[in-house]
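Peer 1: Here's my sequence, what's the structure:
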Amino acid sequence: MHYLSLTFCCRLNSKASLSAYKGSMLRGTFGTHLKKTCCTTRASDCRQCVLRDVCTYPALFVGRPARGEGRLDSLTLPFCLVPEDTGKTIYEEGERFSFGVRLFSYATAYVPYFAHAFALAGRHGMGRRSDTCQGTFDLVDIVCNDTSIYDRERQRVAMPEPCELELPVLDTSAQGTQRVRVLLTTPCRFKEGNRLSGDLPFKTLFLLIVRRLRALWALDGASVSYDNFREMMDMAESVRTVEQDLSWKDWTRYSSRQKTYMQLGGLQGSIVYEGRIAPFLPFLAMAEKLHIGKQTSFGLGETHLVLEASL
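Peer 2: Model (predicted):
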C-alpha cells in the first residue's frame, strides 16, 4: 500500500482561538474547503450526485463504496490528520503552527488537493470568531522526508514519491520475554461487545491493529488474512498487562455535514505489556503509522512504541 507522511507548516496572519484538540477543527476545515474546491453540482448529499464516482470530494472525505459480503459498504477514509500543539488554544498574529497529514493508498496522488484546501482555509480563517476574520493564516510549506515540496508563491506541489508499506508478518521464531510501553497519544476509541471499551489488553490491541490493516488494504481491493490467525491470537492473549495509566478523554464536536453534535472520547495515556512480544513488534511499529480504532481521520488512535526491556 502506498503511504506518505507530510507536515503542513502555517503562519497566522491574525490572532486566533483554536480548539485544544485540533483534529476535529482541521478535519472540518479540510472537508469544507475541499468541497468548495471540487463540488460542481452543489448537491447536498453525495450519494445522490451523478458525479459521485468521479469526484475527488467523496473519494477523500466520504469514502468510496466497496462490494463485500453481499452488501454495499463504505471504505475507510484514506488519510489521518495528526494535530500538534494539543492543549494550546490562544495564538498571536505571526505565530506558527503545524500539523501532520498521513495519506494511504490512492490518496497519495491527491496531495495538491490537500494543499489547495488548506491554503483556501487559511484565507477564510479557522477557529472561533473566524467569521470576523480572526484565525486567518498562510500555508507556508509542506514537508515530506525533511524536504520542502511546496512552492508557496506559485502554489505548486512537487509530488513526492510514496513509500510502499508491506503487511507485517508475525515472527514466530522470535523468543524471549520483553516489556514494551505503548503510548496512546490521542484518544483511542473502539468497541468490544458492541460497547465502547475502557480497557486495552494486548489481545485487543493486536486485534485493533489487524482490523486497521484490513480496512486500509481494502482501499486497494486487497483482502488481508493470516493462515495462522488463531495461533497469533493465542500468543497475544498470553501477553499480560503489568502497568496501566489510561483514562477516558471525552470531547465533543459539531458536524456541520450531519447537523449534529458527536461524542468522540477514547482512552489516552500509557500501558506496559510483558511477555513474548518480539513476534508482534512489526505490527506495533505499523500501528504508529496507521493509527488504530475509530475516527482515525480526526487523528484519534495515534500510538507510539517504547521497547523498555528484554527480560
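
Peer 1: Mind picking out the helix or strand in the protein with the poorest mean pLDDT?
Peer 2: When each helix and strand of the chain is scored by mean pLDDT, DSSP states H and E, strand 71-74 comes last, with a mean of 49.

Peer 1: next SSE after that strand?
Peer 2: Remark: after strand 71-74, the chain's next helix or strand is strand 79-83, criterion DSSP states H and E.

Peer 1: what about that following strand, average pLDDT?
Peer 2: Averaging pLDDT along strand 79-83 gives 94.

Peer 1: In the sheet, which strands lie alongside the helix or strand just after it, parallel or antiparallel?
Peer 2: Downstream of strand 79-83, the first helix or strand assigned by DSSP H and E is strand 90-91. Strand 90-91 pairs in its sheet with strand 16-17 (antiparallel), by DSSP bridges.

Peer 1: Just the residues contacting the strand it pairs with, thanks.
Peer 2: 89, 90, 91, 125, 126, 127, 128, 129, 134, 135, 137 (Cβ atoms under 8 Å, 6 or more residues apart in numbering). Every residue, glycine included, has its C-beta placed from N, CA and C.

Peer 1: are any of the residues you listed buried, and which?
Peer 2: For the contacts of strand 16-17, burial is judged from neighbour counts taken by 16 or more other Cβ atoms under 10 Å, and it is met by 91, 125, 126, 127, 134, 135, 137.

Peer 1: Just the closest of those residues to residue 149, please.
Peer 2: Nearest to residue 149 among the buried ones among the contacts of strand 16-17, counting by Cβ to Cβ, is residue 137 at 18.8 Å.

Peer 1: surely that closest one meets residue 15?
Peer 2: No. Counting by Cβ atoms under 8 Å, residue 15 is not a contact partner of residue 137; they are 11.0 Å apart.

Peer 1: Quick one, grab the pLDDT at the residue lying closest to residue 90 once chain neighbours are set aside.
Peer 2: In space, residue 90 comes closest to residue 17 once its chain neighbours are excluded; the distance is 6.0 Å by Cβ to Cβ, 6 or more residues apart in numbering. pLDDT recorded at residue 17 is 87.

Peer 1: I am finished for the moment; much appreciated.
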